[in-house]
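K.L.:
Sequence and predicted structure below; questions after.
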Amino acid sequence: MPFFELQTQDPQSKARAGKITTAHGEILTPIFMPVGTAGTVKAVHQRELTDDIQAQIILGNTYHLYLRPGLDILEKAGGLHQFNGWERPILTDSGGYQVYSLAGTRKIKEEGVTFASHIDGSKHLFTPENVMEIQRSIGADIIMAFDECPPYPCDYEYARTSMDMTHRWLKRCCDHFDKTSPKYGYSQVLFPIVQGSVYKDLRQKSAEFIASMNREGNAIGGLSVGEPHEEMYETTELVCAILPSDKPRYLMGVGTPENILECIALGVDMFDCVMPTRNARNGMLFTTQGILNMRNKKWEADFSPIDAELGGYASTFYSKAYIRHLLKSKEILGAQIASIHNLTFYLWLVDEARKHILAGDFRAWKNKMIPQLMQRL
């Protein structure tokens, strides 16, 4: 069984529909992956992820899981799947982005990155080799290469030096991954990450290098870190034209509904972002008709459901007035319902995109939907 099967491409864009096959099940692409930083998608039960949201794959975070609960506990449990009860595929990031975000407490060297724990200040070292070992212990189906995510903006020389080191680290990741074995009896795959900031020649060089490594899938990193959307799209289009078409392409940390639809049109297959859950906890809900700010007084006596067209218990059972009350009162249930709703919407969005790719009318549907989804209600 091949890891990835490209099923069709939209005739008027570069949007693709495909299927990824892992030891923990199939993933139909394009797909959005809810972020489960510390072994949990915040405020959401696994049952709700499966039944209401219909998530096919979730993320775990190497940095956070390494620090807490720690590898000893995860290995005793039999890996993250056994620890958190999630029976479908898991992808783990490499910890590179978290290290990037710890700018004040980390040092980057050729060997790897030393950093101080945000929990207790203890010192740690991530190298390409031990990050492969950590992700083997977590037990993800898809693991990411260790990279450096350069800040935006950064000058050309920094971006070039960072990219070259990421490529050297990738070789070390691949060498170590290929000489070690999974710990829990099922296969794992390694995705490299394209870097190069917003410099086109660097992105081209990086994409060519990553493609030459011939892994089962490839990722695009270092975007959605503050650059204008136009630069994100230009970079994504450039990189997707180079990465092989017979392997899935994962755009890391993106993004808004508009970002996702535009990048699907450019040939991206996989997405993740904290936006649906983080915004939900702050009262921003995405719906099939547009964006709701639930702290707005206009919803105070609106007893209609959040999104009658979306389906799903959280979206159709509770009224806007009730959700607003819960969020204003800082009730935990409000964050839970809002998170389930937003994730249901994101999974609906990529499923609808897939349906229109298969039907051959994705571009027209995308152009109609983007203004509708981004309007403030």
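P.N.:
Sure, I can see it.

K.L.:
does Gly95 really touch Leu67, like I thought?
P.N.:
No: contact criterion CB atoms under 8 Å: Gly95 and Leu67 do not qualify, at 9.7 Å. Every C-beta, even on glycine, is put in place using the N, C-alpha and C of the backbone.

K.L.:
more crowded one of the two?
P.N.:
More neighbours surround Gly95 than the other of Gly95 and Leu67, with 25 against 19 (other CB atoms under 10 Å).

K.L.:
need the contact list for the more buried one.
P.N.:
61-63, 66, 126, 131, 134, 146 (CB atoms under 8 Å, 6 or more residues apart in numbering).

K.L.:
Next SSE downstream of the lengthiest helix in the chain?
P.N.:
What stands out as the longest helix in the chain, according to DSSP state H, is helix 332-359. Downstream of helix 332-359, the first helix or strand assigned by DSSP states H and E is helix 362-374.

K.L.:
Just the buried positions in that following helix, please.
P.N.:
For helix 362-374, burial by neighbour count (16 or more other CB atoms under 10 Å) applies to 362-363, 365-366, 369-370, 373.

K.L.:
so Gly217 sits right up against Lys247, yeah?
P.N.:
Yes: between Gly217 and Lys247 there is a contact under CB under 8 Å: 5.1 Å.

K.L.:
worst-scoring helix or strand of the protein, pLDDT-wise?
P.N.:
The helix or strand of the chain with the poorest confidence is helix 96-101; it has a mean of 72 (mean pLDDT, DSSP states H and E).

K.L.:
Now do the shared contacts for Gly217 and Lys247.
P.N.:
Residues touching both Gly217 and Lys247 (CB under 8 Å, 6+ apart) are 3-4.

K.L.:
export the least confident helix or strand of the chain as CSV, just CAs?
P.N.:
C-alpha atoms of helix 96-101 as CSV (Å, rounded to 0.1, in the frame of the first residue of the first chain):
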residue,chain,number,x,y,z
GLY,A,96,12.0,23.6,16.1
TYR,A,97,9.2,26.2,16.1
GLN,A,98,9.0,26.1,19.9
VAL,A,99,12.8,26.6,20.1
TYR,A,100,12.4,29.5,17.7
SER,A,101,9.8,31.1,20.0
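
K.L.:
Just give me how far it sits from the chain centre.
P.N.:
Chain-centre distance of helix 96-101: 15 Å, with CA atoms, centre = their mean, to the nearest Å.

K.L.:
what comes into contact with it?
P.N.:
Contacts for helix 96-101 (CB under 8 Å, 6+ apart): 61-64, 106, 108, 113, 115, 126, 144, 146-151, 193, 221, 252-253.

K.L.:
I would like the residues contacting the host helix or strand of Leu28, please.
P.N.:
Using DSSP H and E, Leu28 sits in strand 25-29. Residues from elsewhere that reach strand 25-29 (CB under 8 Å, 6+ apart): 16-21, 56-57, 87-89, 248, 269-270, 351, 354.

K.L.:
Go ahead and report the secondary structure state at Tyr250.
P.N.:
strand (DSSP: H, G, I helix; E, B strand; the rest coil).

K.L.:
Now the element after the strand holding Leu28, going C-ward?
P.N.:
As assigned by DSSP H and E, the chain's next helix or strand after strand 25-29 is strand 31-33.

K.L.:
can you tell me the average pLDDT over that following strand?
P.N.:
Averaging pLDDT along strand 31-33 gives 98.

K.L.:
need the strands for the stretch 201-350 of the chain, in chain order.
P.N.:
In the stretch 201-350 of the chain, the segments counted as strands under DSSP state E, counting those that start in this stretch are 218-220, 249-251, 270-272, 284-287, 290-293.

K.L.:
closest to Glu208 out of those?
P.N.:
Distance to Glu208, taken as CB to CB, is lowest for strand 218-220 among the strands of the stretch 201-350 of the chain, at 11.3 Å.

K.L.:
Tell me the strands beside the closest one, with direction?
P.N.:
strand 193-194 (parallel), strand 249-251 (parallel) (DSSP bridges).
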